[in-house]
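Participant: Show me the folded form of this:
(chains A and B)
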Amino acid sequence: MNVVCYLASAQDTYDTIYNDIGSLPCVRLLNATGFVGCQSMGAASGVLYRADTLEDIKQFANDDRLGNQYTVVIPYWLLSSSNVDILKSSKRLAAILAVVNGTDPAHAVAARPSTVISPDTTCPNCEFGLYANTPNQYQWNPTGSGLLFEQFDFPIYALNTMDTRNTMSYASVMQAVNRNRDKGYRDYPLKSLQFHSFMWGAQDTGACLRKGWCTPVGGASVWSTPSTNISYTDEKPIVVITAAMDSRSLFHDLTLGVESSVAGMVTVLAVAEALSRSTIPLDTMSKHIVYTLFTGEAWGFSGSQRFVQDITSSPIQCETPPTSGSGCAYPFFSDLEFQRLNPAKIEAILEVGQIAGMGGAGGNPTLYAHVDNIQESVSTTLLNQVVQIGANGSTTVPPAGIPVQAASSDGVKRGLPPSSSMSFLKSRGNIPTVVLTDFQKQMSALTNHDQDDSWNTPNTINLIQQAASVISKTAWLQAQGVSDSAAMTPAQTEAIASIQVDAGLVQELLGCLSLNYSCPLVDRYLNVTASPSPPARLPHYSGTLYSQSQPFPIFAWSFLANMTSVKNTTSPTPRVTGCSSKPATVQCASKEYCVGDQCIVSLTRYHDAYGVGLAMNSKAEYYIKDASKPVWTESTWDPIGLRMFDVTSPGSQIAELMTGLALTLVSSGVVWYSRRFLKKTLKED
Amino acid sequence: MTLTTFFGCAFTAYGPSLAIFFGSIAPNAQLVILMVSSAFFWLISVLLASAIWYMASDSRNTFPVTIIYTVLLQELFRYFLYLLINRAESGLNMVAMHPKSKFNRSYITQLVNSLGPGVIMCESCKTVSLYFISAITTSILILHHCAWMMISFTGFTNRSWLRIAWVVITHYGASYLTILNSSPTINYGCAYQIIGNVALLIASAIIVFADMRHLHQKLS
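Facilitator: A predicted model of the protein is given here:
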């Protein structure tokens, strides 16, 4: 009766036994030659064990009194291949929980070691970059541990107190692991954790695509231009302003990438806003300005390489037109407007790389302008312009005072750091190109790190503001075809003075795109707070192609559409408003978009971003077209989950079984004996 | 619970009753019919009890209240079964001393639902899983029912109010003892429960043996 009352139903039974924990998994990714990341064949489960230091890890490996399988809870910074090897050598390791952020002193920000090691390779994505075939190419991330490229045959999950749900998960895991520790990991019952982490994708991208067990990593890039009438044949040169939108890290749900991509994206958006103030309309200038924000850059420059590949192959021969809408069904393109861009006319590329100032190198923040060292001379003029504007800006824009230097000012020509510009230069090497970063010789140690979640906001804003200021003015001068600022007309002098980067906007964008997507700025465009659970911190991992929502590209599209349409149009008629707040009464005209409750005309488009080594066939299946190019895919998986529960010791379980068997045998004996006894007694009577 | 615990608990809970079933009931078709019909009556009583439990949403988690009507219903239905058997076939009176019932199906369901790596620990004995304690309790209660069936049927036949009262009182006693399992305040409550129930079972067994001896003497 007791059990019946105690456990009222099956769901209650489950909830009484198990505590489901929010899961932040490390998953399996595949490329042309193999796979990286984590997976477990079955449901791995292990008693929670706490290790805060390297000594704890060694003790775990050497403690022969431990039995069973264990889930080891370690601070994220102890997650390295050598430590994993120590843990594995114990033959007791079932899974690892890595605490990225926690309230326990051992997991707090203060406990983080002073030396941070980037989990990426010593030269991220360089095998797909401009210097891939150059011997001894410069290593931009020399301390990189390559953790992201390791294979783990057991589950690794993260714990992070980044929101209420995950804080609760962290708290319950810590309570359980502390209880286990207090019991010396021997006094059962102990708390155990079970992981479901089976990855379908095996071998490599080619094999898993054939079986349908993986999806290309990718998403949507965005490009936009104020020149709504741009055409392939208008012979006007193009100035490209570009940055990346996505990043990668071991735990995709935690990928933030403020250093790797967010700061650059904010800069490009701020540039678009600043240039939209130009008193000389941008679409009347002698050159076109094109903004590009690429997705999939963390995966072998997938976004930029595909964009360049597509614009250089126009006009596209569309074999099967789409049944509805724009684009082409086969070969598949969601949109074909990119054919209006003439790659041969690209005359300058201004790119923003890592500029959040999280390198931790100390000293005064400085922006460095990198140029290609193979065809260096073509970029000299552009480089000088950038440096000169930076020098002017640092004195006139308070409170920045951030100098801009040529990266080769120390006499070493390292070439370009890993960047989207490389994709353009691979196609045509003589495009003047400048990549602006906050490092001269070495990328930030937080490159593609999961703990890139604390930055010095005023410092980052200053850097972004200065970078945006330099790039907007350089682009403006380029677009006007003015090489010497002394030769400007009064109207031009007035116009360039009107280009000011709004520090408030930079701050707002940085906040919105890093930790709080439901901020007023994003809300004005996308009405995100109307959703039942407004999103806050969203992952900056690109996700898999066409299968996930793309919050950052969607915002970038809306913002750029607004900035490239509004203030540059000479049209005197005010815009129609109310298209999203009063959809019944206000409808935009054809070719107009409803952005931020206003009807606008804009040439802002999404562009598919996935590895250029991949292609889609006429049956809408992906295959490897060129294995030497990026072909990153993400494995499909069964529902992933973590649950915590009590376990009894293996000894007591055997004792239970023995008791049951003994009881059954004894009662059988008793029954048999009493029957015989009764028969005998009754017969005798 | 793990597979080891599952089989341990299953054998603990049902081993003795299975031994009785295969050892003395299964060979006799009449006894099987009796057992199934008594199980049917028991199921009706539990069905009604669960209907009340479902409707009385306020007292769902109050075991003492649940036990009051559950035990009462079971005893009532035990009497109905006696009446039916008495009326249907007086010939069955002879063998009516050997019925057994109470295949605690709920416990089997719980066992199956709980398959998996996790267990619930017994509130009063924190080192033992609730499943194992419940297995032992189930085993004892099945034996209890065997004894109660015999005592109550003798009581109904002989109008022996003392025997009927013993069955009702010990049924309540045994049920209330199980509350000790989930007591958060009484240490080793599960041990007291098992000791208490075993004592009650021994007392019932003594009564059964006394009655059997008496009947045997009367018949011979």
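
Participant: Quick one: find the helix or strand in chain B with the lowest mean pLDDT.
Facilitator: Lowest on mean pLDDT, DSSP states H and E among the helices and strands of chain B sits helix B:105-113, with a mean of 57.

Participant: could you give the mean pLDDT of the helix or strand following that one?
Facilitator: Using DSSP states H and E, the next helix or strand after helix B:105-113 towards the C-terminus is helix B:130-158. The pLDDT scores in helix B:130-158 average 89.

Participant: touching chain A at all, helix B:130-158?
Facilitator: Yes. Interface with chain A: helix B:130-158 contributes B:130-132, B:134-135, B:137-139, B:141 (Cβ under 8 Å from any Cβ of the partner chain). From N, CA and C alone the C-beta is placed, and that goes for glycine too.

Participant: now the residues you listed as a markdown table including neighbour count and distance to A:S590?
Facilitator: Shown next, in a markdown table, are the residues of helix B:130-158 next to chain A (neighbours: other Cβ atoms under 10 Å in any protein chain shown; distance: Cβ to Cβ, whole Å):
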| residue | neighbour count | distance to A:S590 |
| --- | --- | --- |
| B:L130 | 28 | 68 |
| B:Y131 | 29 | 68 |
| B:F132 | 26 | 73 |
| B:S134 | 29 | 71 |
| B:A135 | 27 | 73 |
| B:T137 | 27 | 76 |
| B:T138 | 29 | 74 |
| B:S139 | 26 | 79 |
| B:L141 | 25 | 78 |
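
Participant: between those residues, which is nearest chain A?
Facilitator: Chain A has its nearest neighbour among the residues of helix B:130-158 next to chain A in B:S134, at 4.2 Å by Cβ to the nearest Cβ.

Participant: wait, that closest one sits on B:A13?
Facilitator: Yes. Applying Cβ atoms under 8 Å as the test, B:S134 and B:A13 come out as touching, 7.5 Å apart.

Participant: Residue numbers of the stretch 101-250 of chain A in contact with chain B?
Facilitator: Going by Cβ under 8 Å from any Cβ, the residues of the stretch 101-250 of chain A near chain B are A:188-189, A:192, A:194.

Participant: Save these as a markdown table, and put in secondary structure too.
Facilitator: Below are these laid out as a markdown table (DSSP: H, G, I helix; E, B strand; the rest coil):
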| residue | secondary structure |
| --- | --- |
| A:Y188 | coil |
| A:P189 | coil |
| A:S192 | strand |
| A:Q194 | strand |
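
Participant: Confirm that A:A348 sits in a helix.
Facilitator: No. Per three-state DSSP, A:A348 lies outside any helix segment and is strand.

Participant: Tell me where chain B has strands.
Facilitator: Taking DSSP state E, chain B contains no strands at all.

Participant: Give the residue farthest from the middle of it.
Facilitator: The outermost residue of chain B relative to its centre, with distances by Cα atoms, centre = their mean, is B:S220 at 31.7 Å.

Participant: what about B:L81, how many residues close to it?
Facilitator: B:L81 has 26 neighbouring residues, counting by other Cβ atoms under 10 Å in any protein chain shown.

Participant: go on, the one 3 residues further on?
Facilitator: Here the neighbour count serves as a burial measure; for B:L84 (other Cβ under 10 Å) it reads 14.

Participant: show me what contacts it?
Facilitator: Applying Cβ atoms under 8 Å, 6 or more residues apart in numbering or on different chains to B:L84 gives the contacts B:37, B:41.
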